[in-house]
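Colleague: here is a sequence with its predicted model. Questions after.
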Amino acid sequence: MHNNLERITVDADVCHGKACIRHMRWPVEVIIDMIASGMSFDEILTDHEELERDDIIAALAYAKVTLSGKSLAEVN
């Protein structure tokens, strides 16, 4: 899991400091929202070619970490 979490970046200059995928303007919350809306991994990857399967897995791993009450810094 830790390798995937390295794909999550937080930069004050990107998306107002929200957790994003690989310094891109893809907030984790948007990835989670696409999954919650019923999109499959394959649908997300087809619609957004700049994303990779490990990016989606990283977004889910990040959600799990934050729901457990930990921070990204604590697990990286």
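Modeller: Structure's in. What do you need? The structure displayed is predicted, hence computed values, not measured ones. Residues are numbered from 1 along each chain as shown.

Colleague: run the chain-centre distance for the lowest-mean-pLDDT helix or strand in the chain.
Modeller: Lowest mean confidence among the helices and strands of the chain (mean pLDDT, DSSP states H and E): helix 72-75, at a mean of 71. Put simply, helix 72-75 sits 14 Å off its chain's centre (CA atoms, centre = their mean, to the nearest Å).

Colleague: quick check: which helices or strands does that helix pack against?
Modeller: Here helix 72-75 touches helix 2-5, helix 53-67, going by 3 or more CB pairs under 8 Å, 6 or more residues apart in numbering; DSSP states H and E. Using the backbone N, CA and C atoms, a C-beta is placed for each residue, glycine as well.

Colleague: which pLDDT value goes with the residue nearest to the spatial centre of the chain?
Modeller: The centroid of the chain falls nearest to residue 59 when counting by CA atoms, centre = their mean (2.8 Å). What the model reports for residue 59 is a pLDDT of 97.

Colleague: I figured it hits residue 28, correct?
Modeller: Yes. Using CB atoms under 8 Å, residue 59 makes contact with residue 28 at a distance of 4.6 Å.

Colleague: let me see the contact set for the closest residue to residue 18 other than its chain neighbours.
Modeller: Spatially, and ignoring its direct neighbours in sequence, residue 18 is nearest to residue 27 (4.5 Å; CB to CB, 6 or more residues apart in numbering). Contact analysis of residue 27 by CB atoms under 8 Å, 6 or more residues apart in numbering lists 15, 18-21.

Colleague: ok, which of the helices and strands packed on helix 72-75 comes nearest residue 74?
Modeller: Comparing the helices and strands packed on helix 72-75 against residue 74 with CB to CB, the closest turns out to be helix 53-67 (7.9 Å).
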